[in-house]
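Novice: Here is my input, please return the structure:
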Amino acid sequence: MQESMYKYMTLGIVHFMAFPTALRGEGPIAESVTKIAEDDFFTAIELTWIKDAAEKKKTKAILEASGLAVAYAAQPAVLTTPLNPNSLDNAERRKAVDILKQEIDSAYYMNAVGIAFLSGKDPGDAQRKDAVVALVATTQELCDYAKSKGNLKIVLETFDRTIDKKSLMGPSNEAAAFAEAVNRANFGLMVDLSHLPIQFESAKEALTNVKDYLVHAHVGNCIMKDSSHSGYGDMHPRFGIEGGENDVEELTEFLAALFDIGYLREGKQPFVSFEVKPLAGETSELVIANAKRTMREAWLRL
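Specialist: Down below sits the predicted model:
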């Protein structure tokens, strides 16, 4: 495609994956955020919790000056803790709700347009229906809380159920049914190209299933054929890595499917963000440059 990609998407990057020391909300976050803010290839950034108040304030000021659109990721608050938004133990579920409400407050503070989270572990066939009911209740409460404070979008990202994260949500057809049950105008789903191979779904299948609820997209890679590889599972290695599943061809197919379902269209400019992580021996700057080159080539092939 010869037209500018920026005509059709808000192009972002998941900061705490590109700079994984930020995953736990610690370290020189403002410094690495500045690197993205100074790169005009990106029109958006996705960040997560920042535990130090001064660092948080500094980061906010950088983002306000940058002109970047901001999305907030609460996934680390679930993945790095025992929180379970679909726990059948109501006290445990309440803990997750309370923490996620705090994350919503942080998202508003950072002027984010949306906040993403993920489901807890899949409990297995016998308890799955009850877990979905619990997750619906959690999500509805989060949506209502966010709505009471402004226009923040609540977004659930789908993950694998069997390989790595082993999350409740989950297969795209079930995620669509879940979104219908949530039934909130400020709720939607996120699909990640990185997750599709370990969800055993094609881009066309997954995106068609969730087309009525899709509000956010991630692009990246995964390794699933070699379980001994350091990047095996949901580790978001760079595009084109040996043994990986996604490169230019797969990204092109994913973007084409986003056009087919109407997610990408002129005048809409929804989020499409890289989620890539340096493995041992790689730098953040290297994998970011790789991602940019891959996107440019994929876009030309559309």
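Novice: the helices in this protein, which residues?
Specialist: Secondary structure of the chain (DSSP state H): helices at 15-18, 29-37, 53-66, 75-79, 90-109, 128-149, 172-182, 196-199, 203-209, 248-260, 284-301.
Novice: Ok, which of the ones you listed comes nearest I241?
Specialist: helix 284-301 (9.0 Å; CB to CB). All C-beta atoms are positioned from the backbone trio N, CA, C, and that covers glycine.
Novice: Hey, what's the angle from that closest one to helix 248-260? Just curious.
Specialist: Relative orientation of helix 284-301 and helix 248-260, computed by axes from the mean of the first three to the mean of the last three CA atoms, to 10 degrees: 60 degrees.
Novice: And helix 284-301, what does it pack against?
Specialist: strand 10-13, helix 15-18, helix 29-37, helix 248-260, strand 271-274 (3 or more CB pairs under 8 Å, 6 or more residues apart in numbering; DSSP states H and E).
Novice: and these as TSV, adding mean pLDDT?
Specialist: TSV is the format used below for those (pLDDT from 0 to 100):
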stretch	mean pLDDT
strand 10-13	99
helix 15-18	98
helix 29-37	98
helix 248-260	99
strand 271-274	99
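Novice: So which of those is nearest L193?
Specialist: That would be helix 248-260 among the helices and strands packed on helix 284-301, by CB to CB, at 4.7 Å.
Novice: if we can go back for a sec, ok, of the helices of the chain, where does mean pLDDT dip lowest?
Specialist: In terms of mean pLDDT, the lowest-scoring of the helices of the chain is helix 75-79 (a mean of 84).
Novice: Quick one: residues in contact with it.
Specialist: If you take CB atoms under 8 Å, 6 or more residues apart in numbering as the criterion, helix 75-79 is touched by 16, 23-25, 48-49, 83-85, 96, 99-100, 103, 116-118, 120, 157, 165.
Novice: CA atoms of that helix as PDB?
Specialist: What follows is the C-alpha trace of helix 75-79 in PDB, where atoms were taken according to Å, rounded to 0.1, in the frame of the first residue of the first chain:
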ATOM      1  CA  GLN A  75      -1.600  -7.000  32.600                       C
ATOM      2  CA  PRO A  76       1.600  -6.900  34.700                       C
ATOM      3  CA  ALA A  77      -0.500  -6.300  37.800                       C
ATOM      4  CA  VAL A  78      -2.100  -9.700  37.100                       C
ATOM      5  CA  LEU A  79       0.800 -11.600  35.700                       C
END
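Novice: And that helix, what's buried?
Specialist: By neighbour count on 16 or more other CB atoms under 10 Å, the buried set for helix 75-79 is Q75, P76, A77, V78.
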